[in-house]
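Chemist: take this sequence and fold it.
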Amino acid sequence: MTRSPIRRLLFSIVRRVLYFWVRSETISQSAFNLKLDRSKPVFYVLQRASLSDLAVLDHECGKTGLPRPVAEVAVGNHIEPAAFIFLNPAASWFGRRTRVVPPAALVRLVGALEQNAVDNAQIVPVSVFWGQSPDRETSPWKLLFADSWAVTGRLRKLLSILILGRKTRVQFSAPIQLSELVAQNKGHERTLRMAHRMLRVHFRNQKTAVIGPDLSHRRNLVKGLVHAPQVRQAIREEAERENISIEKAEAKALRYGNEIASDYAYTAVRFLEVVLSWFWNKIYDGIRVNHIEQIQDSVQGHEVIYVPCHRSHIDYLLLSYLLFRNGLTPPHIAAGINLNMPVIGSLLRRGGAFFMRRSFKGNPLYTSVFNEYLHTLFSRGFPVEYFVEGGRSRTGRMLQPKTGMLAITLRSYLRSPRLPILFVPVYIGYERVLEGRTYLGELRGAQKKKESIFDIFKVIGALKQRFGQVWVNFGEPLRLNEFLDGEQPGWRQQNLAPSYRPEWLSDTTNRLAERIAQKLNEAAAVNPVNLVALAMLSTSRQALDQRSLARILDLYQSLLRAVPYSPHTTLPEGNGEALIDYVKALGLLAEQKDALGNILYLDEQNAVLMTYYRNNVMHIFALPALLASFFQSSSRISREQILRFTLALYPYLRAELFMRWEPVQLETVIDQWLAAFVEQGLLKLDGETYVRPAPSSRQFVLLTLLARVIVQTLQRFYMAISLLLNSGQHSLTAEELETLCTVMAQRLSILHGLNAPEFFDKSLFRHFIKSLQDEGVLHQDEAGKLGHHDKLGELAEGVAKRVLPAEIRLSIRQVALERHEEETPVEPPEGDQPR
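Modeler: Below you'll find the model as predicted:
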């Protein structure tokens with residue numbers, strides 16, 4: 001403001017126009033409590049240059065009888081044209097920062113006091129807040145534009161005035177006596193810096209008290225990344241490798257840092273909470289949270305890393321929402337760069353998401369910046385969340401872990417173990433997953449589609465459907481120190497600098513990933529849809545009468561209560577009939593009525609989709625199903641034989657399904673399951689021998705349906721071994737065997753009408769072949785060809801006769817034999833040798 005009458009007239013007009021809409025109030029009547037000496041100059045300080053803030057301040061001063069900020073002030077013999085100071089210059093229209101320097105009016109005031117031109121000058125810091133505190137605001141749109149720690153551009157400020165102007169609040173603070181600072185005789189520059197710093201700290205504390213703490217680390221962190229020793233080394237190597245200057249390499253590192261780093265904002269977290277509260281109530285019938293109390297008790301004094309399973313894009317939103325509502329700090333979330341879309345990406349970033357590229361290969365500078373960013377989060381104690389599966393599971397089963405983030409975590413901890421790390425597994429189970437339609441296409445073989453901002457409209461279009469409940473189970477935390485003590489005793493005493501990559505890192509990371517996956521499965525939530533899918537897909541035509549289905553569901557629940565999978569596994573409430581009614585209401589079961597009762601069946605679309613929900617709990621039923629399968633071709637089996645066959649197959653089931661029991665625990669668990677079978681009438685005990693019911697009995701039908709839960713997994717095992725045996729020793733590489741298995745599985749799925757797309761999932765065959773190598777059954781020669789144990793064929797046939805129907809075994813052997821005959825060259829008869 002100047003003495004210009006035109007400028008004063010324009011300001012008056014702006015203030016009048018502004019107050020056609022704006023309504024302001026002084027917080028806690030602070031203006032009436034100011035102890036001002038009216039005989040001394042009074043200046044008001046606003047944090048940032050803003051004409052609208054100045055107009056509000058001038059209005060409130062007029063209401064409370066304080067000196068107006070736009071009036072002239074005498075400072076000794078000098079007349080200041082206005083009594084306000086903008087501490088920081090205005091941002092650009094879009095929030096771009098400008099260089100912060102002490103304001104000219106403050107420089108003149110300090111100079112006047114040092115020259116004894118005036119005895120004292122009083123500086124009154126004033127804060128103007130547009131809108132309510134985020135803690136009190138309930139409108140999501142107002143929260144989007146509420147005051148935050150982010151730099152506010154003029155465009156955003158204009159929108160804030162339009163949306164939040166009716167709730168504008170002004171906070172006057174106690175005056176700062178400038179003469180007290182000058183009296184310290186620190187010199188002009190130091191006194192000026194002291195005054196400037198004091199005001200900055202004041203405004204920061206004031207803002208914290210009103211809108212919450214500054215949770216954003218971006219502004220301070222990104223620039224700090226490029227000064228870390230590892231990043232500086234990577235910058236020098238990048239400059240040399242690409243033949244560019246250090247400055248250009250450093251600018252590239254800064255771009256990577258800005259691409260990666262989150263921009264955590266409390267207002268965004270509150271906005272997401274308000275929006276998501278509406279969303280969960282609109283889409284789902286409720287969220288059932290279990291075992292979160294133990295996490296609240298465990299997180300103190302730890303660097304917490306949440307490792308949820310990944311079934312839907314809303315997993316990370318759901319987890320952050322629940323943590324925030326339960327008094328736990330929402331984590332910084334690792335998100336794929338594909339989610340950094342316009343609008344959505346910005347909101348996710350402000351909600352705590354940091355973005356990572358799918359591959360770091362060939363870009364050591366990016367790798368270094370990303371590693372340093374994560375190390376900074378860990379060392380400062382920020383909670384972090386990432387998915388060990390890497391991507392969403394399209395089949396419903398736990399995917400093989402991707403160990404990249406775990407390896408970065410381990411290396412960071414070995415580098416600086418400041419806070420002990422606590423991994424918190426979180427199982428998220430949907431009774432109906434939001435992306436079900438998309439997964440259905442992908443389960444049928446459609447190519448995975450790239451995420452798009454338009455996907456949100458598909459979600460809005462799905463609001464008319466019923467999605468049931470979401471089950472969120474917090475599993476048993478895994479303490480990294482205890483895990484490392486068990487895996488690598490003495491790791492604390494090892495000298496790991498400078499790379500922090502000990503020889504044991506890779507193997508230990510793999511075992512850590514496997515253990516986390518097992519703990520995730522331990523926390524599984526068994527819901528009504530899982531149980532109905534399990535029962536219906538075990539029938540030959542995916543159809544059952546309602547009373548039979550109810551009996552099966554009651555049996556499954558009784559078995560799981562008799563032999564709980566783990567203390568963290570949860571079961572649904574209600575009997576079989578109640579579960580059926582619930583699943584029918586979700587539209588996942590079709591019904592046909594006749595004079596004899598109701599027939600329930602799965603239509604073609606739901607038959608494929610229900611494989612997803614069956615696979616969610618396959619690991620829980622795998623062991624009892626395996627035990628049941630032994631009795632499909634044998635009426636009597638001794639306990640010793642059951643133990644021997646189970647121990648032979650269990651390592652491969654455990655590796656694929658991430659089952660929790662160690663081999664040494666298996667005997668006890670098997671006895672528990674066999675006792676439960678006897679109690680339910682599925683088996684009878686004759687001394688040390690177990691006897692199945694009569695084939696015409698209801699109990700035998702129930703035992704058969706239970707056995708079919710695991711039959712496709714066992715078929716895949718037998719398929720791989722048959723192809724290997726028919727090809728002969730050292731004839732195939734692991735990759736060739738994997739491809740042959742996939743082709744055979746696709747053929748058999750057509751021949752036998754198998755409606756389970758994961759049956760020919762290439763990754764499952766790859767993992768089974770690796771498991772055979774890990775167990776020493778297979779070995780590779782120098783050329784990479786696979787050799788096998790001499791008795792593999794005998795053992796495989798012996799077990800297969802117990803667990804697979806003769807028709808399936810014959811079909812697999814026939815396809816394997818035909819393939820072998822096609823590839824075996826035929827010797828021409830003598831006399832007809834080619835010339």
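
Chemist: C-alpha only now, for contacts and for neighbours.
Modeler: Fine.

Chemist: the residue nearest to residue 746 when sequence neighbours are not counted and residue 726: what is the separation?
Modeler: Nearest non-adjacent residue to residue 746, counting by Cα to Cα, 6 or more residues apart in numbering: residue 760, 5.8 Å away. Using Cα to Cα, to the nearest Å, we find residue 760 at a distance of 20 Å from residue 726.

Chemist: please work out how many residues are found near the residue nearest to residue 396 when sequence neighbours are not counted.
Modeler: Counting by Cα to Cα, 6+ apart, residue 612 is the residue found nearest to residue 396 once chain neighbours are left out, at 4.4 Å. For residue 612, the neighbour count with other Cα atoms under 10 Å is 27.

Chemist: ok so, going back, pretty sure the residue nearest to residue 746 contacts residue 747?
Modeler: No - if you go by Cα atoms under 8 Å, residue 760 and residue 747 don't touch, sitting 9.3 Å apart.

Chemist: quick one: which of these two has more around it?
Modeler: Higher neighbour count among residue 760 and residue 747: residue 760, with 19 against 15, using other Cα under 10 Å.

Chemist: distance check, the more buried one against residue 806.
Modeler: Taken as Cα to Cα, the span from residue 760 to residue 806 is 21 Å.

Chemist: which ones are touching residue 533?
Modeler: Contacts for residue 533 (Cα atoms under 8 Å, 6 or more residues apart in numbering) come out as 610-611, 613-614.

Chemist: now residue 117. Nearest residue, chain neighbours left out?
Modeler: Nearest to residue 117 is residue 76, by Cα to Cα, 6+ apart, at 5.0 Å.

Chemist: report how many residues lie close to that neighbour.
Modeler: 16.

Chemist: tally up the residues packed near the closest residue to residue 330 other than its chain neighbours, please.
Modeler: Spatially, and ignoring its direct neighbours in sequence, residue 330 is nearest to residue 320 (5.0 Å; Cα to Cα, 6+ apart). A count of nearby residues for residue 320, using other Cα under 10 Å, gives 23.

Chemist: so residue 320 touches residue 331, yeah?
Modeler: Yes - assessed by Cα under 8 Å, residue 320 is found in contact with residue 331 at 6.7 Å.

Chemist: shared neighbours, those two?
Modeler: With Cα under 8 Å, 6+ apart, residue 320 and residue 331 have no common neighbours.

Chemist: figure out how far the one helix or strand residue 624 maps to is from the centre of its chain.
Modeler: Using DSSP states H and E, residue 624 sits in helix 618-629. Chain-centre distance of helix 618-629: 30 Å, with Cα atoms, centre = their mean, to the nearest Å.

Chemist: using PDB, list the CA coordinates for stretch 311-329.
Modeler: The C-alpha trace of stretch 311-329 is given here as PDB (Å, rounded to 0.1, in the frame of the first residue of the first chain):
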ATOM      1  CA  ARG A 311      -6.800 -57.700  -4.200                       C
ATOM      2  CA  SER A 312      -8.100 -54.300  -5.300                       C
ATOM      3  CA  HIS A 313      -7.100 -50.800  -6.100                       C
ATOM      4  CA  ILE A 314      -8.900 -49.600  -3.000                       C
ATOM      5  CA  ASP A 315      -6.800 -51.700  -0.600                       C
ATOM      6  CA  TYR A 316      -4.400 -48.900   0.200                       C
ATOM      7  CA  LEU A 317      -7.200 -46.400   0.600                       C
ATOM      8  CA  LEU A 318      -9.100 -48.800   2.900                       C
ATOM      9  CA  LEU A 319      -6.000 -49.500   5.100                       C
ATOM     10  CA  SER A 320      -5.100 -45.800   5.500                       C
ATOM     11  CA  TYR A 321      -8.700 -45.000   6.300                       C
ATOM     12  CA  LEU A 322      -8.900 -47.600   9.000                       C
ATOM     13  CA  LEU A 323      -5.600 -46.700  10.600                       C
ATOM     14  CA  PHE A 324      -6.600 -43.000  10.700                       C
ATOM     15  CA  ARG A 325      -9.900 -43.800  12.200                       C
ATOM     16  CA  ASN A 326      -8.300 -46.000  14.800                       C
ATOM     17  CA  GLY A 327      -5.700 -43.400  16.000                       C
ATOM     18  CA  LEU A 328      -2.700 -44.800  14.000                       C
ATOM     19  CA  THR A 329      -0.600 -42.700  11.600                       C
END
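
Chemist: can you give the domain ranges for the protein?
Modeler: Using automatic domain parsing, the domains assigned to the chain come out as 5-211, 269-522, 527-616, 621-826.

Chemist: would you list those in JSON lines and tack on mean pLDDT and distance to residue 261?
Modeler: As requested, those are exported to JSON lines (pLDDT from 0 to 100; distance: least, Cα to Cα, whole Å):
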{"stretch": "domain 5-211", "mean pLDDT": "79", "distance to residue 261": "14"}
{"stretch": "domain 269-522", "mean pLDDT": "86", "distance to residue 261": "5"}
{"stretch": "domain 527-616", "mean pLDDT": "93", "distance to residue 261": "33"}
{"stretch": "domain 621-826", "mean pLDDT": "87", "distance to residue 261": "32"}
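
Chemist: residue 672 reaches residue 563, doesn't it?
Modeler: Yes - counting by Cα under 8 Å, residue 672 does reach residue 563; the two are 6.6 Å apart.

Chemist: circling back: correct me if wrong: the residue nearest to residue 117 contacts residue 118.
Modeler: Yes - between residue 76 and residue 118 there is a contact at 5.1 Å, judged by Cα under 8 Å.

Chemist: what sits in contact with each of these two?
Modeler: In contact with both residue 76 and residue 118: residue 112, using Cα under 8 Å, 6+ apart.

Chemist: mind giving me the packing neighbours of the helix or strand residue 163 falls within?
Modeler: Following DSSP H and E, one finds residue 163 within helix 154-164. Based on contacts counted as 3 or more Cα pairs under 8 Å, 6 or more residues apart in numbering; DSSP states H and E, the elements that helix 154-164 packs against are strand 122-130.

Chemist: all helices of the stretch 1-150 of the chain, in order?
Modeler: Taking DSSP state H, counting those that start in this stretch as the criterion, the stretch 1-150 of the chain contains helices spanning 5-18, 51-64, 104-114, 140-144.

Chemist: and if you look at the stretch 151-300 of the chain?
Modeler: 154-164, 178-182, 188-211, 218-225, 229-242, 246-260, 266-283, 292-298.
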